[in-house]
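Trainee: Return atomic coordinates for the entry below.
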Amino acid sequence: MKLFDTHFHFYGEQSPREYYDAIKIPELTYLLAVGGDLEGSTLARNFAEGIENSWFAAGIHPHSAAEEQAELSRFREFKDHEKLVAVGEIGLDYFYENSPRRCQRNIMEHFLQLALDWQLPAIIHCRDSDDKFDAYQDSHAMLRDFAADGGRFVVHCFSGIPHWAEKFMELGAFLGITGMVTFPRADNIRETLKVISDELLLIETDSPYLAPVPHRGKTNNPGYVIEVARKIAAERGCSIEQIADLTTSNAFRLFNLEQ
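Mentor: Numbering: from 1, shown residues only. Below is the predicted model of the structure:
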């Protein structure tokens, strides 16, 4: 069984090898380290350079949109790296609004254009304020144009209602499911899981955040992706091996990798 954690963050407290050796489980075969600012993207690159069967993505998280504007030109340094497979994470976060909404949208537009120019998929962050759908509506409008121009993307850590899952999938979006699917109160995610097409499903940890049951209270890591796969298999009435095969194949297709 080969699992692909399609979204985790490496913050460099250890060397890539020390970190990887500490969290490795036999089933964890492929990893995608994701940046959220220039420093994080550089650390993600360093991880991918040091670890076999791993790749990286470079982008600016909406929380960092305002403070990272001056660094935009430097992201072009990543363009031709052999292990760069996506742009991200980028997107909109109207829950915390650490950056003004207009700034978030401008940064997202900039990186969506980079994704088109570099012919790479985008990794999208989308989180709304309570009981509102402004971020989903704004993201969908931008991604509709992106998809019309041939853009490919995943909405990572998807926690929206089935309606929005279907709206994004109409654009060809992949949807990334995290350990949140194991949370006792996450009925909405388990309900949404029912409508996600087999060919558009990805699994991820978003570590070091969102540790799944039975590891709640611990620091999350990519090795816990097996719990995400296990829960999805139970919810979809299939084997964990089937989920591993399906989601790994999907990841290789989205990120244009060769198995």
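Trainee: how long is stretch 140-157 end to end?
Mentor: Distance across stretch 140-157, first residue to last, is 16 Å (Cα to Cα, to the nearest Å).
Trainee: Residues contacting it, please?
Mentor: With contacts defined as Cβ atoms under 8 Å, 6 or more residues apart in numbering, stretch 140-157 is touched by 6-7, 34, 88-89, 105, 108-109, 112, 115-116, 121-126, 139, 164, 167-168, 171-176, 178, 180, 202, 204, 206, 210, 254. Quick note: C-beta positions are derived from backbone N, CA and C, even for glycine.
Trainee: And stretch 169-178, by the same measure?
Mentor: With Cβ under 8 Å, 6+ apart as the contact definition, stretch 169-178 has outside contacts at 6-7, 124, 140, 143-144, 147, 152-158, 165, 168, 189, 193, 196-197, 200-206, 210, 212, 228, 232, 250, 254.
Trainee: what are the phi and psi angles of residue 147?
Mentor: phi -70, psi -40 (degrees, to the nearest 10).
Trainee: For it, give its distance to residue 67.
Mentor: Computed as Cβ to Cβ, to the nearest Å, the residue 147 to residue 67 distance reads 29 Å.
Trainee: quick one on the thing from earlier: out of the contacts of stretch 169-178, which end up buried?
Mentor: Buried members of the contacts of stretch 169-178, counted by 16 or more other Cβ atoms under 10 Å: 6-7, 124, 140, 143, 147, 152-158, 165, 168, 189, 193, 196, 200-206, 210, 212, 228, 232, 250, 254.
Trainee: Now intersect those residues with the strands, please.
Mentor: Cross-referencing those against strands under DSSP state E gives 6-7, 124, 153-155, 201-203.
Trainee: Of those, which is the nearest to residue 101?
Mentor: Taking Cβ to Cβ as the measure, residue 101 lies nearest residue 124 of these, at 15.7 Å.
Trainee: who touches the closest one in this structure?
Mentor: Residue 124 is in contact with 88-91, 139, 143, 153-156, 173, counting by Cβ under 8 Å, 6+ apart.
Trainee: same deal with residue 127?
Mentor: Here residue 127 is in contact with 92-96, 135, 159 (criterion: Cβ under 8 Å, 6+ apart).
Trainee: hey, what's residue 124 bridged with?
Mentor: Beta bridges link residue 124 to residue 90, residue 155 when assigned by DSSP bridges.
Trainee: Need the pLDDT of it.
Mentor: The per-residue pLDDT reported for residue 124 equals 99.
Trainee: Repeat that for residue 132.
Mentor: On the pLDDT scale, residue 132 is placed at 80.
Trainee: again with residue 195
Mentor: Listed pLDDT for residue 195 reads 98.
Trainee: which one is it nearest to, not counting chain neighbours?
Mentor: Excluding the flanking residues, the one nearest residue 195 by Cβ to Cβ, 6 or more residues apart in numbering is residue 162, at 4.6 Å.
Trainee: Tell me, how many residues neighbour that neighbour?
Mentor: 14 (other Cβ atoms under 10 Å).
Trainee: again, but for residue 142
Mentor: For residue 142, the neighbour count with other Cβ under 10 Å is 18.
Trainee: pretty sure residue 220 is in a strand, no?
Mentor: No - read with DSSP: H, G, I helix; E, B strand; the rest coil, residue 220 is coil and lies in no strand.
Trainee: hey, where'd the helices end up in the chain?
Mentor: 16-23, 38-50, 101-118, 134-148, 162-169, 187-193, 225-236, 240-254 (DSSP state H).
Trainee: Make CSV out of those helices and add distance to residue 78.
Mentor: Converted to CSV, those look like this (distance: least, Cβ to Cβ, whole Å):
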stretch, distance to residue 78
helix 16-23, 17
helix 38-50, 7
helix 101-118, 9
helix 134-148, 19
helix 162-169, 26
helix 187-193, 32
helix 225-236, 25
helix 240-254, 18
